[in-house]
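Peer 1: quick one, structure for this:
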Amino acid sequence: MPPTLMDLPGTPDPLDAAAQDIQAWSAQGHTMLTVLDGAYPARLRGVHQAPPVLFARGSILPQDRAVSVVGSRAASDTGLGFA
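Peer 2: Numbers count the residues shown, from 1 in each chain. Predicted coordinates:
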């Protein structure tokens, strides 16, 4: 789609669509945190190139040990073995 100064008629506003997605995830018990949120894990915030957005399910507890999972659509056999 070519860049425009105005939304095309009948095209949903991307910010409204994103807000609806976040509300739906929240209703399903998921949490979305940005690196700017106070609940963002402090140890992860200190990592070089920390993820700007985290999606979590369940409780996020300060100072709790955690495991993060980074996925790949085309994981290698070696990568799958490590996982």
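Peer 1: could you use CA atoms for every contact and neighbour count after this?
Peer 2: Noted.
Peer 1: how near is I60 to L80?
Peer 2: Here the criterion is CA to CA, to the nearest Å. By it, I60 lies 27 Å from L80.
Peer 1: no wait, G10
Peer 2: 43 Å.
Peer 1: which one of these two is surrounded by more residues?
Peer 2: Neighbour totals were compared for G10 and L80, and L80 leads with 11 against 6 (other CA atoms under 10 Å).
Peer 1: any idea which element the more buried one lies in?
Peer 2: Taking DSSP states H and E as the criterion, the element that holds L80 is helix 77-82.
Peer 1: quick one: distance of that helix to the chain centre.
Peer 2: Taking the mean C-alpha point of helix 77-82 and that of its whole chain, the gap between them comes to 24 Å (CA atoms, centre = their mean, to the nearest Å).
Peer 1: and it, what does it pack onto?
Peer 2: With contacts taken as 3 or more CA pairs under 8 Å, 6 or more residues apart in numbering; DSSP states H and E, helix 77-82 sits against no other helix or strand.
Peer 1: quick check: mean pLDDT across it?
Peer 2: Confidence over helix 77-82 (mean pLDDT, whole number) is 83.
Peer 1: list the buried residues in it.
Peer 2: Buried residues in helix 77-82, counting neighbours by 16 or more other CA atoms under 10 Å, are absent.
Peer 1: ok, stretch 27-42 next?
Peer 2: T31, L33, V35, Y40, P41.
Peer 1: and the strands in this protein?
Peer 2: Defined through DSSP state E, the strands belonging to the chain, from first to last, are 30-34, 53-57.
Peer 1: just put these in CSV and tack on mean pLDDT and distance to D64.
Peer 2: Output for the strands of the chain, formatted as CSV (pLDDT from 0 to 100; distance: least, CA to CA, whole Å):
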stretch, mean pLDDT, distance to D64
strand 30-34, 90, 16
strand 53-57, 86, 14
